[in-house]
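Student: Need coordinates for the below:
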Amino acid sequence: MKFCKMFLFLLLMIMDVSTNAQEITCEGEQLINVDILIGHPGIAPPYKPGHILVFRCTDVNLKMHGQQTIECRSNGKWNYPYPKCEEVTCLLNTNENNIKMELFPDFECPVKPGYNVTFSCNGQGLILKGQREITCQSNGEWSSPFPKCEVSVKCGPPPRVNNADTVEMTKKEYNTGERVEYICFNKYILDQRHSFTKYLTCQQGQWTGNVKCLKPCTVTKELMAERGIDLAYVNQQKMFAPHNDHITFVCLRGKNPVGITDFRQKCNDGEINLPECV
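Tutor: From the prediction side, this is the model:
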């Protein structure tokens, strides 16, 4: 019986030693400009599975590359590599062969925050698609995507615009980026709302823009006689009122207004409401 107890005790001791010898841990790695901000439950290696590390850069002017938080897995490996902190820069990551770059103030690669890069196209018949100038920002990202150089497609003569004409003589061909200015006919008013403009622009073979001329209002003696009204201040056979202008009417002698009538009416793109008198 005593022999059996001793054998069992020795067997347990051997198993315990073997278990300790095979305990799985994650090793610590070299820190490059990095501090361990949080190490749960401690910060001393080796680390057991489930151990979490949270990192930070040693300088606020450095940028972390990699995961800020990593965890020791059951196989003794970290779920992500240790991060590194390096100086913030922007990469000149363009594969365009027909684009030219100029860096201000000096050309240096990689580019530091605050530096600007100006682009232009190499070769005839190419246009720049995107921002001509971009800036390296404090987060290591560019202020806009890198532009591209595309083959320019010409436009034909500009289209006709109702109640308007071009300011200058038109050409047979226009390059991308060229624009044509329009002017409205007499008594017509150019629509200046946000979606409208006085220009049409050639963009890769297509004319873009929206030009609109607002129509004047026409009031005749015949039309006013049907409504029993006349002009309050002028007396002529025909009258034009530009868009947004007003005309004031009066009842003909011996007639009275129908309902509550506003005798001062506004012209709205060729339409005007006429009061009525009976």
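
Student: Please identify the buried residues of stretch 113-131?
Tutor: By 16 or more other CB atoms under 10 Å, the buried positions in stretch 113-131 come out as P113, Y115, V117, F119, C121, L126, I127, L128, Q131. Every C-beta, even on glycine, is put in place using the N, C-alpha and C of the backbone.

Student: I meant to write stretch 87-101 there.
Tutor: Buried, per 16+ other CB under 10 Å, within stretch 87-101: V88, T89, C90, I99.

Student: export that stretch as CSV, just CAs?
Tutor: Presented in CSV, the C-alpha positions along stretch 87-101 are these (Å, rounded to 0.1, in the frame of the first residue of the first chain):
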residue,chain,number,x,y,z
GLU,A,87,7.3,60.0,-38.5
VAL,A,88,4.1,61.1,-40.2
THR,A,89,4.5,61.3,-44.0
CYS,A,90,2.4,61.0,-47.2
LEU,A,91,3.3,58.6,-49.9
LEU,A,92,3.6,59.6,-53.5
ASN,A,93,1.6,56.6,-54.6
THR,A,94,0.8,57.3,-58.3
ASN,A,95,1.4,54.9,-61.2
GLU,A,96,0.6,57.5,-63.9
ASN,A,97,3.4,57.7,-66.5
ASN,A,98,2.0,60.8,-68.2
ILE,A,99,1.7,63.0,-65.1
LYS,A,100,4.2,65.5,-63.8
MET,A,101,4.6,66.4,-60.1
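
Student: So what's the gap between it and the chain middle?
Tutor: Averaged C-alpha coordinates place stretch 87-101 at 21 Å from its chain's average position (CA atoms, centre = their mean, to the nearest Å).

Student: and if you look at stretch 211-218?
Tutor: Using CA atoms, centre = their mean, the offset of stretch 211-218 from its chain centre is 34 Å.

Student: can you tell me the distance between the two ends of that stretch?
Tutor: 23 Å (CA to CA, to the nearest Å).

Student: Now do the most centrally placed residue in the chain against F249, distance only.
Tutor: Nearest to the geometric centre of the chain sits S144, at 9.2 Å (CA atoms, centre = their mean). From S144 over to F249 the distance is 57 Å, taken as CB to CB, to the nearest Å.

Student: before we move on, what about V88?
Tutor: Distance from V88 to F249, by CB to CB: 72 Å.

Student: Could you do V219 as well?
Tutor: Taking CB to CB, one finds V219 at 9 Å from F249.

Student: Which one of the two is surrounded by more residues?
Tutor: Shown here are V219 and F249; by other CB atoms under 10 Å, F249 has more neighbours (24 against 20).

Student: In this structure that one contacts L274, no?
Tutor: Yes - in this structure, F249 is within contact of L274 by CB atoms under 8 Å, at 7.1 Å.

Student: Give me the common contacts of these two.
Tutor: Common neighbours of F249 and L274 are listed as M224, I229, Q265 (criterion: CB atoms under 8 Å, 6 or more residues apart in numbering).

Student: Out of the residues you listed, the closest to D165 would be?
Tutor: Among the shared contacts of F249 and L274, Q265 lies closest to D165 (CB to CB), at 29.8 Å.

Student: Many thanks, have a good one.
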